[in-house]
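Chemist: This is the structure alone, sequence omitted:
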């Protein structure tokens, strides 16, 4: 729907470049601003607030994660040093607790509980078969409200395949270990781990009655999704100002670059150029670092094109045992997390932690480079990164390692280390994030009150 201002017709935020088999949503352009100005007159924000949650399993090496000083003058500890260039956009939060991850009489299974309660803050029912029950996750609370304005209410991404049945952790169902997003207390949202399928979900336009498989085969017969919309893009570019034309060209180039990287990764997999000790399903890069980068960059594209405003990303399943040979860490991640205080194991855990913080810094940097109305995409987004376990050896669920990037449209003042009182619920942070996105809630799970981080 467009809005006619006194000068002319504004470009709708919901405009797509369409061609045979493709639909490419547009990024925020200046030509859309009159409609946004009209929205401001009605009391709505100029740009929507997006919410992203990133889950990392197995905890961290706490001594090299947590800053010593509070406030803005804190020194980045070794693990967080990769945030140096984006520290003004990141808040380090200490003292938060995930009470739902604790045993509460159920014995072992902290890894499964850490994932299932990460966004629900609920204590899952211990079962390895029927009767799974956790809670509605915060991303789905947000999606039920803000998701009505976008093509996809939410997007669930991950890097490791996950079973939805069977037992994975000390009597807990694999459904708990494999999912952080729960549509209802008994229904998790399965994540997508194939970058190719995520890309096609965002940009493939299926014909009426056409199966997803047939649509995928049809689109893959062409060199690029942009081939399908090139004529319409050229026509639109002729009507835009110089700034918008440059922005559109940059955006479309970004789409093409991700397409190219997916194609290169698939060729490397098919040619057997890279070998891993596990089999990967079709479409997933054999290079784990490229896999994570592709998912992060697709996440940015999904937000930039406003196809969704709610995203979750599981860096690994609960208790992940993947290895990091390219870091000089051939051992399994989960086994190393049970370090027993051994210096050699802790050194390798630090390498894994730092690597993932580097990838998080890359995502933050990408978001801050995208224009979004009066600010950047990062200004209008909140990205929470963390684990449901603090120390993998202790399996404790208090003093969690939590980072929050972005300003959430002004709801958060980043660039600080904030230490909260002992036993402050992680759900308090979720209230803050929901409120920033315009989802007014007095309570979520075991929350007490929104965190004061503005």
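Modeler: Yes, it's here. These numbers come from a predicted model, not from an experiment.
Chemist: Model confidence score at residue 242, please.
Modeler: According to the prediction, residue 242 has pLDDT 81.
Chemist: so residue 27 sits in a strand?
Modeler: No. Per DSSP: H, G, I helix; E, B strand; the rest coil, residue 27 lies outside any strand segment and is coil.
Chemist: contacting residues for it?
Modeler: Residues near residue 27 by Cβ atoms under 8 Å, 6 or more residues apart in numbering: 247-248, 251, 304-305, 370-371. Any C-beta I mention is one placed from the backbone N, CA and C, and that applies to glycine too.
Chemist: and it, backbone torsions?
Modeler: phi -80, psi 180 (degrees, to the nearest 10).
Chemist: how close does it get to residue 168?
Modeler: Going from residue 27 to residue 168 by Cβ to Cβ, to the nearest Å gives 40 Å.
Chemist: And residue 347, its phi and psi?
Modeler: Dihedral angles (degrees, to the nearest 10) for residue 347: phi -60, psi -40.
Chemist: count of residues packed around it?
Modeler: Neighbour count for residue 347, taken as other Cβ atoms under 10 Å: 15.
Chemist: and if you look at residue 130?
Modeler: 7.
Chemist: what about it, which SS state?
Modeler: coil.
Chemist: What's the mean pLDDT across stretch 418-426?
Modeler: For stretch 418-426, mean pLDDT rounds to 97.
Chemist: Buried residues of it, list them for me.
Modeler: 418-420, 424-426 (16 or more other Cβ atoms under 10 Å).
Chemist: can you check stretch 430-439 too?
Modeler: 430-437, 439.
Chemist: Serialize these to JSON lines and add fields for pLDDT and distance to residue 360.
Modeler: Shown next, in JSON lines, are the buried residues of stretch 430-439 (pLDDT from 0 to 100; distance: Cβ to Cβ, whole Å):
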{"residue": "430", "pLDDT": "98", "distance to residue 360": "19"}
{"residue": "431", "pLDDT": "98", "distance to residue 360": "23"}
{"residue": "432", "pLDDT": "97", "distance to residue 360": "19"}
{"residue": "433", "pLDDT": "98", "distance to residue 360": "17"}
{"residue": "434", "pLDDT": "98", "distance to residue 360": "22"}
{"residue": "435", "pLDDT": "97", "distance to residue 360": "24"}
{"residue": "436", "pLDDT": "97", "distance to residue 360": "19"}
{"residue": "437", "pLDDT": "97", "distance to residue 360": "21"}
{"residue": "439", "pLDDT": "97", "distance to residue 360": "24"}
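Chemist: could these be laid out in CSV, adding distance to residue 239?
Modeler: Formatted as CSV, the buried residues of stretch 430-439 follow (distance: Cβ to Cβ, whole Å):
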residue, distance to residue 239
430, 42
431, 43
432, 41
433, 37
434, 38
435, 38
436, 34
437, 32
439, 36
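Chemist: Which of those residues fall in helices?
Modeler: Under the assignment DSSP state H, the buried residues of stretch 430-439 contribute 430-436 to helices.
Chemist: for the top helix by length along the chain, packing partners?
Modeler: Looking across the chain with DSSP H, the single longest helix is helix 242-271. Applying 3 or more Cβ pairs under 8 Å, 6 or more residues apart in numbering; DSSP states H and E, we find helix 242-271 packed against helix 195-203, helix 225-237, helix 288-304.
Chemist: if you set the cut-off to 10 Å instead, what comes out?
Modeler: For helix 242-271, the elements it packs on are strand 22-25, helix 195-203, helix 225-237, helix 288-304, strand 371-372, judged by 3 or more Cβ pairs under 10 Å, 6 or more residues apart in numbering; DSSP states H and E.
Chemist: Let me see the mean pLDDT of the last one.
Modeler: Same thing as strand 371-372. 91.
Chemist: let's number from 237 now, not from 1
Modeler: That works, and once the first residue is 237, the last one we named lands at strand 607-608.
Chemist: Name every sheet partner of it and say whether each one runs parallel or antiparallel.
Modeler: strand 611-612 (antiparallel) (DSSP bridges).
Chemist: Pull the residues that contact the partner strand.
Modeler: 282-283, 325, 603-606, 642-643, 645-646 (Cβ atoms under 10 Å, 6 or more residues apart in numbering).
Chemist: change it to 6 Å
Modeler: Contact with strand 611-612 is made by residue 604, as judged by Cβ atoms under 6 Å, 6 or more residues apart in numbering.
Chemist: Report the rounded mean pLDDT for that strand.
Modeler: Mean per-residue pLDDT for strand 611-612: 94.
Chemist: continuing past that strand, what's the next helix or strand?
Modeler: strand 617-622 (DSSP states H and E).
Chemist: by contact count, what packs against that next one?
Modeler: Packed against strand 617-622 by the contact rule (3 or more Cβ pairs under 6 Å, 6 or more residues apart in numbering; DSSP states H and E) you find strand 286-291, strand 638-641.
Chemist: Highest mean neighbour count across those strands, which stretch is it?
Modeler: Between those, strand 286-291 has the highest mean count of neighbours, a mean of 26, where neighbours are mean count of other Cβ atoms under 10 Å.
Chemist: Counting by contacts, list what that one packs against.
Modeler: strand 546-550, strand 617-622.
Chemist: how far away is residue 539 from residue 621?
Modeler: In terms of Cβ to Cβ, residue 539 sits 15 Å off from residue 621.
Chemist: Good, we can wrap up now.
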